[in-house]
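1. Pasted the sequence and its predicted model underneath.
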Amino acid sequence: FALERFSSEFDWLPKAQGWRMNLDHLVVIQNRQLWPPGRLSIARRESPTGQVDLRLGADYLGLHGLSQLLAMFSPAGSEWQQILTGLSPAGHLTRLRLAHSRDGVTAAPRWRVSGSVTHYHQQPWERIPGLSGLALNFEGNQDGGTLLLDSKNFKTEMPRLFRGPLIANKLDGYFKWRFNPQDGLRLQTRDLSMSTDHVETFSRLDLQLPLNGESPFIDMQTDFWDGDGAHKSRYLPAGIMPRPLVEWLDRAFVSGFVKAGSMLLYGPLKGFPYQAHEGRFEVLFGVEDLLLDYLPGWPRLEQATAEAHFLNNSLSISLSGGRMLESRLRQASAQIRQLKGGSPVEISTVADGPLSDVLRVLAETPLRERFERFTSVVSASGQSTTRLELKVPLRKTDRLALSGQLELHQAALQLRESNLRAEGLEGRLQ
């Protein structure tokens, strides 16, 4: 901890029951950064009954220098010193007012505090996220208080959960917090809004943080809209998801517009994703103009409308109205029964279109090894209805499973090198 410049007008006022110290026109330069000139005042008073009152007021404090100073005076190797060093907090603390009172030696202290923080920044450390661009006003006492967020260009980093930083153009919210030694800390808001380049959200949150070592308990509801599915990968909690599932979601959901959706997270955080049903995690949202690349080497599903439903450790998707090659999707579904267990993606589709699309699937997908001799000598025309059942493996130990049914509607097949032709075909092939 080093200061390049420190200057102030010093005023010491002894009083009958204490003292007061004022630092006026305080100027500090640290790391080539000038603190805005201001005033720092500290007062102490002890009453005849033994009550000790401390008061502190500051127009401005640099949080980086303050945290370095606190770490320097903390016991070497202490948890408090490790936290301050690991987080390396920085930012501007203004209009700080702190009052602390203790009546006797054994009585619990009483305190109140208020102030504003802007341009707050901290590094990610252990399980604590990194933050940047946070701005808030706060006030409270030993029992609870409030936080008012009003942040622009906010960024958070949670490397144990997300693969990159999450960035919000705007983060607003009004929080209430309560604290007592028996129940711990409780943080609540009914008004938390976030705007990013890719999605808009509005949330309600009730978070309980016990002091007895039990898991935090969360009750969170979030509405979101105007989502750009092309950027879904940055919002996937990859740190708690199986890698094969993350890789499939990264590739499969190429793009789409999330018109609206909702999320519910309720239960102890350590139980997520609640395979034993000790909590509930649910996300429901609709997607328009979906482009789905569900399996390498197979035709993509384009221009589909979908509804996705995460429920605890499972995912189900219903689709309609899409196009695959020149065929129109009548209906389709996909589900993963055990997200954390790496269950296969079970896909079921019904599509109506030209019979030539069926030949293309046989000739242009991994099925060509089995059907190449047939597709190389036959052409097709007419209409068909195709029903496919796929199981796409997410684990290396699993294999692709495929079954299907083909219905012919006034279809025709012709050998390419001859005039041999079968017309008016009707029927069903398994």
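-> Ah, there it is.

2. in stretch 74-88, what counts as buried?
-> Neighbour counts using 16 or more other C-beta atoms under 10 Å place 74, 81, 83-84, 87-88 of stretch 74-88 among the buried residues. All C-beta atoms are positioned from the backbone trio N, CA, C, and that covers glycine.

3. Between those, which sits nearest Met263?
-> Of all the buried residues of stretch 74-88, Met263 sits closest to Leu87, with 28.3 Å by C-beta to C-beta.

4. Could I get the pLDDT score of that closest one?
-> Here, the pLDDT recorded for Leu87 equals 91.

5. can I assume it is in contact with Gln122?
-> Yes. The criterion here is C-beta atoms under 8 Å, and Leu87 meets it with Gln122 at 4.3 Å.

6. shared neighbours, those two?
-> Common neighbours of Leu87 and Gln122, using C-beta atoms under 8 Å, 6 or more residues apart in numbering, are Ile128.

7. Phi and psi next, for Arg360.
-> Phi and psi for Arg360, reported as degrees, to the nearest 10, are phi -60, psi -40.

8. Could you find the closest non-adjacent residue to it?
-> Leaving aside its sequence neighbours, Arg360 sits nearest to Leu325 (C-beta to C-beta, 6 or more residues apart in numbering; 5.9 Å).

9. Name the SS class of Asp398, please.
-> Following DSSP: H, G, I helix; E, B strand; the rest coil, Asp398 is assigned to coil.

10. That one contacts Val345, correct?
-> No. Under the criterion of C-beta under 8 Å, Asp398 makes no contact with Val345, lying 10.3 Å away.

11. How far away from the center of its chain is stretch 293-311?
-> 22 Å (C-alpha atoms, centre = their mean, to the nearest Å).

12. I misspoke; the intended subject was stretch 27-47.
-> With C-alpha atoms, centre = their mean, you get 38 Å for stretch 27-47.

13. pLDDT on it, on average?
-> So the average pLDDT for stretch 27-47 ends up being 85.

14. contacting residues around the residue nearest the centre of the chain?
-> Note on the chain: the residue nearest the mean C-alpha position is Tyr235, at 5.2 Å, using C-alpha atoms, centre = their mean. Neighbouring residues of Tyr235 by C-beta under 8 Å, 6+ apart: 162, 166, 198-199.

15. Closest one to Glu4 out of those, please.
-> Of those, the one sitting nearest to Glu4 (C-beta to C-beta) turns out to be Leu166, at 35.6 Å.

16. Next, count neighbours for Val199.
-> Neighbours of Val199 under the rule other C-beta atoms under 10 Å: 19.

17. And for the one 5 residues further on?
-> Neighbouring residues of Arg204 were enumerated by other C-beta under 10 Å; the total is 14.

18. so what's it up against?
-> With contacts defined as C-beta under 8 Å, 6+ apart, the neighbours of Arg204 are 189-192, 220-222.

19. try 7 Å
-> 189-190, 220-221 (C-beta atoms under 7 Å, 6 or more residues apart in numbering).

20. need the residues you listed in CSV with neighbour count and secondary structure, can you?
-> Shown next, in CSV, are these (neighbours: other C-beta atoms under 10 Å; DSSP: H, G, I helix; E, B strand; the rest coil):
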residue, neighbour count, secondary structure
Thr189, 19, strand
Arg190, 14, strand
Met220, 16, strand
Gln221, 16, strand
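
21. Next one: the residue nearest to the centre of the chain relative to Ser327, how far apart?
-> Tyr235 is 32 Å from Ser327, where distance means C-beta to C-beta, to the nearest Å.

22. what does Leu249 give?
-> Counting by C-beta to C-beta, the gap from Leu249 to Ser327 is 25 Å.

23. okay, these two: which has more neighbours?
-> Applying other C-beta under 10 Å to Leu249 and Ser327 shows that Ser327 carries more neighbours, namely 24 against 18.

24. in the sheet, who's paired with that one?
-> Applying DSSP bridges to Ser327 gives these bridge partners: Met324.

25. State whether it and Ala351 are indeed in contact, as I suppose.
-> Yes. Here Ser327 reaches Ala351: they are 4.3 Å apart, a contact under C-beta atoms under 7 Å.

26. Count the residues that sit near Thr349.
-> The burial count for Thr349: 22, using other C-beta under 10 Å.

27. If we ignore the residues flanking it in sequence, what's nearest it?
-> Ala332 is the one closest to Thr349 (C-beta to C-beta, 6+ apart), at 4.2 Å.

28. Restricting to C-alpha, output whichever strand or helix holds the one you found in PDB.
-> Element membership of Ala332 [criterion: DSSP states H and E] is strand 327-336. What follows is strand 327-336, C-alpha atoms only, in PDB (Å, rounded to 0.1, in the frame of the first residue of the first chain):
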ATOM      1  CA  SER A 327     -40.500 -31.500 -47.200                       C
ATOM      2  CA  ARG A 328     -42.800 -29.800 -44.700                       C
ATOM      3  CA  LEU A 329     -42.800 -30.800 -41.100                       C
ATOM      4  CA  ARG A 330     -46.200 -31.900 -39.800                       C
ATOM      5  CA  GLN A 331     -45.000 -32.500 -36.300                       C
ATOM      6  CA  ALA A 332     -41.900 -33.400 -34.400                       C
ATOM      7  CA  SER A 333     -40.600 -33.800 -30.900                       C
ATOM      8  CA  ALA A 334     -37.200 -34.200 -29.100                       C
ATOM      9  CA  GLN A 335     -36.500 -35.100 -25.600                       C
ATOM     10  CA  ILE A 336     -33.600 -35.800 -23.300                       C
END
